[in-house]
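[1] make a model of this:
(one chain, ligands or ions: 2)
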Amino acid sequence: MGIPVVWSPATKQHVPKHEVWVGVPTPGTELPERVDVILRALELHPLHEATPHDDRFLAAVHDPALLEFLATASHAWAQGPYDDLVGQDRVVPYFFQTDALLVGMPPTPPAALHARAGIFCYDTMTLVGPGTWEAARAAVDVALTAVDLVMAGEQAAYALCRPPGHHVTQLGYGGSCYLNNAAVAAEALLAAGHERIGIVDIDAHHGNGTQAIFWERPDVRYGSLHVDPAAGWFPHVFGHASEAGAGAGSGTTRNLPLPEGTGDGPWVEAVAELADWVGDCDALVVSLGVDAAGDDPESPLQVTADGFRAAGSALGALGRPSVLVQEGGYDLATMGHLVAAYLAGHAG
Ligand code: SP5
Ligand code: ZN
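    Ligands and ions are numbered 1, 2, ... in the order given. Below is the predicted model:
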């Protein structure tokens with residue numbers, strides 16, 4: 001038994017192959033096998049396959065231009081000259097439409113797909129290939145099916161979303177993420193009648209996309225603990241303690257950046273602080289990355305399974321309907337066990 005698990009086989013259709021990091025192609029780490037190791041670690045939990053959902057909550061968080069680009073880019077790339085031109089089948093930008101390029105001039109939309117990609121994609125590590133859209137869209141259905149279970153009376157449901165989503169803004173994608181599953185879940189919980197949503201993001205990286213989407217929103221709080229971007233970590237320009245929301249959302253964003261090497265004690269304390277901060281919300285979304293683990297290749301935090309269990313206890317103890325959305329976590333040997341530890345703690 002345990003918290004119900006929602007998944008979709010289609011989430012395995014995205015194969016990152018490689019990513020370009022500071023000019024060097026390295027093997028992708030956000031692999032389809034992540035789904036298999038998590039499912040294996042949760043084999044005693046009730047398992048649900050995701051059901052199809054329409055685009056209304058996706059459209060509530062993302063700009064139609066981003067959705068159209070992601071849905072069509074891989075097919076357009078295959079139709080284009082790229083087989084001869086570059087000899088690889090992944091859509092990846094090389095040209096970025098930054099503020100520094102535009103300096104106030106209005107750009108004309110670029111004709112070349114390899115330039116258009118740089119309007120939406122803000123790094124070189126998040127390639128779009130055959131199956132990427134299908135997997136990312138299936139992950140949204142996974143999140144929405146988990147919301148359905150909670151609305152039907154489950155105290156908590158775990159959404160095995162993959163690819164992850166918390167780095168995706170209204171308009172921009174990156175950080176191995178394409179569609180913001182957690183933000184979609186929050187919108188669906190609001191539409192189902194919950195008035196105030198708390199999102200707690202325990203992934204090792206700051207969820208800049210989720211923060212951006214709810215930056216001016218009084219009805220959704222976003223709290224994150226993560227490795228300090230000021231120490232040189234992705235997403236570099238967001239995730240500092242000074243970022244607290246704006247306008248009607250002033251004070252509804254909270255960031256707890258942590259030093260490299262942070263282990264269970266202070267990490268769990270930070271989770272407890274965010275749990276306390278969202279304690280009066282009606283429903284909870286947890287961006288459940290497990291890349292803060294000591295064995296994880298993508299972060300310098302040193303959290304153990306005991307830490308993830310304690311994090312689950314702190315957030316589960318709020319007693320709020322909870323949708324637990326998978327984000328990062330890349331060590332195939334240990335990550336399933338870490339997700340299981342979090343869920344056991346959350347269930348209490
Ligand atoms: C959802 C999530 O956890 N996204 C992580 C995005 C951070 N990626 C930064 C990658 C930095 C370089 N990694 C080098 C490892 C070689 N694959
Ligand atoms: Zn992460």
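[2] residues in contact with the closest residue to Gly207 other than its chain neighbours?
    Nearest non-adjacent residue to Gly207, counting by CB to CB, 6 or more residues apart in numbering: His166, 3.3 Å away. To be clear about C-beta, it is placed using only N, CA and C from the backbone, and glycine gets the same treatment. Applying CB atoms under 8 Å, 6 or more residues apart in numbering, we find His166 in contact with 175, 177, 180, 182, 201, 203, 205, 207-210, 287, 289, 327.
[3] and which of the residues you listed is nearest to ligand 1?
    Gly175 (3.7 Å; CB to the nearest ligand atom).
[4] thinking that closest one is in contact with His205, fair?
    Yes: contact criterion CB atoms under 8 Å: Gly175 and His205 qualify, at 6.8 Å.
[5] what do the two both touch?
    166-167, 234-235.
[6] mind listing the helices for the stretch 1-150 of the chain?
    Assigned by DSSP state H, counting those that start in this stretch, the stretch 1-150 of the chain shows helices spanning 33-41, 56-61, 64-79, 82-85, 99-102, 113-120, 132-151.
[7] for ligand 2, which of those helices is the nearest?
    helix 33-41 (12.2 Å; CB to the ion).
[8] up against ligand 2, what does the chain have?
    203-205, 289, 291, 328 (CB under 5 Å from the ion).
[9] hmm, back to that, okay, the helices of the stretch 1-150 of the chain, which one's buried deepest?
    helix 132-151 (a mean of 25; mean count of other CB atoms under 10 Å).
[10] report whether that one contacts ligand 1.
    No: judged by CB under 6 Å from any ligand atom, helix 132-151 stays clear of ligand 1, getting no closer than 11.8 Å.
[11] now that helix against helix 33-41, angle please.
    30 degrees (axes from the mean of the first three to the mean of the last three CA atoms, to 10 degrees).
[12] I'd like the next helix or strand past helix 132-151.
    Using DSSP states H and E, the helix or strand that directly follows helix 132-151 along the chain is strand 156-159.
[13] what's the average pLDDT for that following strand?
    Strand 156-159 shows a mean pLDDT of 99.
[14] circling back: looking at Gly175 and His205, which one has more neighbours?
    His205 (30 against 27; other CB atoms under 10 Å).
[15] rewinding a little: which among the helices of the stretch 1-150 of the chain is found nearest to Thr252?
    helix 56-61 (15.9 Å; CB to CB).
[16] can I get the closest one in PDB, CA atoms only?
    Only the C-alpha atoms of helix 56-61 are listed here, as PDB (Å, rounded to 0.1, in the frame of the first residue of the first chain):
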ATOM      1  CA  ARG A  56      -7.000  24.200 -20.400                       C
ATOM      2  CA  PHE A  57      -4.600  24.200 -17.500                       C
ATOM      3  CA  LEU A  58      -1.600  24.000 -19.700                       C
ATOM      4  CA  ALA A  59      -2.900  27.100 -21.500                       C
ATOM      5  CA  ALA A  60      -3.300  28.700 -18.100                       C
ATOM      6  CA  VAL A  61       0.400  28.600 -17.400                       C
END
